[in-house]
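Chemist: Model the structure of this input:
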Amino acid sequence: MNTLALEELTPVEWMIANFKNMEFRLSAPIISSLTIMAIVAILCTIVGIEARVQDPLKKPKGLLLLATSFVEWLESWTRDMMGCEPGNWPGYFMCLFVYLFMSFVWSVTGFPSVIDYLVCPLVLSIVMFILIQFTAIRYQKWGYFHRYIEPVAFWLPINLLTMWTPIISTSLRMFGNCLSGSVIIGILNWVLRGLSAKLFSFLGSSGQIVLSPIVIGVLNLYFGLFSGYVQTLVFASLNGVWIGAEIPETSPMGNEGQAIRSQRDKAI
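Modeler: So this is what the prediction gives:
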């Protein structure tokens, strides 16, 4: 459709025409992310089916045993991080742990990394930010807005700017750490290929891949497994601490309510 024809259309027809001409493409990191979510969904479905048919009087085995141990550890971890009874939060942190760790490890498979794509850590940080604000409003009601005029109302513009700090800091931290690993691996791969080509020139073109596979393989395991676990734990811990900080200690989910329940249980 030419420009003259577009000018003769109504605004609604113009929007529809432009929408039809749009090319929808999925980038490689997005495909990797969708694949990871599909794998997580399949694993959760398998665990759910096994849990339904499992005899409650028998000890679980295999994948169900791993899932049960992980949930028990996650409930204890959530209680320690948030300083309150876990409630429904372990479900969120379970999805976060599994998805984020698999996203870091995904590069080991040779497929495009997810965290190297800034949109993915940015979206995770935005989800965390929304949960922080939602929790604060839920428990503090109108008192939530008082934080933006502390210590005096003059600080309102500054407080409105600093409220976005968690999104910027956490997303750039994950993106930077993952990208730095990819850059280091890329530089070392280039150096080792050149060095290997000179040392093993008698092997022809295949000589340039003699040195790099072992070194690059070890680095991939380090940045994918160890560094991925550390980054997942750090991001999840920040989630737990920041969300838990918005729950008042006097609420049923706060520390005081937890202590009251503990004393009541002992009395019983």
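Chemist: Contact partners for Thr35?
Modeler: Applying CB atoms under 8 Å, 6 or more residues apart in numbering, we find Thr35 in contact with Phe111. C-beta here means a position set from N, CA and C on the backbone, and glycine is covered the same way.
Chemist: try 10 Å this time
Modeler: Thr35 sits next to Met102, Trp106, Thr109, Phe111, Val114 when contact means CB atoms under 10 Å, 6 or more residues apart in numbering.
Chemist: ok, and the most crowded of the residues you listed?
Modeler: Val114 (27 neighbours; other CB atoms under 10 Å).
Chemist: mind listing what that one touches?
Modeler: The contact partners of Val114, taken as CB under 10 Å, 6+ apart, are 28-36, 99-100, 102-107, 120-121, 178.
Chemist: So it, which state does it fall into?
Modeler: Three-state call for Val114 (DSSP: H, G, I helix; E, B strand; the rest coil): coil.
Chemist: what are the phi and psi values for it?
Modeler: Val114 adopts backbone torsions of phi -90, psi -40, taken as degrees, to the nearest 10.
Chemist: pretty sure Gly87 contacts Thr78?
Modeler: Yes - contact criterion CB atoms under 10 Å: Gly87 and Thr78 qualify, at 8.4 Å.
Chemist: Which one's more surrounded, those two?
Modeler: Set side by side, Gly87 and Thr78 show more neighbours around Thr78, with 26 against 14, by other CB under 10 Å.
Chemist: tell me the contacts of that one?
Modeler: Applying CB under 10 Å, 6+ apart, the residues contacting Thr78 are 84-94, 236, 239-240, 243-244.
Chemist: Pull out the buried members of the residues you listed.
Modeler: Among the contacts of Thr78, those buried by neighbour count (16 or more other CB atoms under 10 Å) are 84-86, 89-90, 92-94, 236, 239-240, 243-244.
Chemist: Is it possible to get TSV of those that adds distance to Ser125 and pLDDT?
Modeler: Below are the buried ones among the contacts of Thr78 laid out as TSV (distance: CB to CB, whole Å; pLDDT from 0 to 100):
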residue	distance to Ser125	pLDDT
Cys84	23	76
Glu85	26	77
Pro86	22	74
Trp89	18	87
Pro90	21	87
Tyr92	14	89
Phe93	15	90
Met94	19	89
Ala236	12	90
Asn239	10	89
Gly240	15	89
Ile243	13	88
Gly244	17	86
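Chemist: Centroid-nearest residue for the protein?
Modeler: Centroid check for the chain by CA atoms, centre = their mean gives Leu100 as the closest residue, at 4.0 Å.
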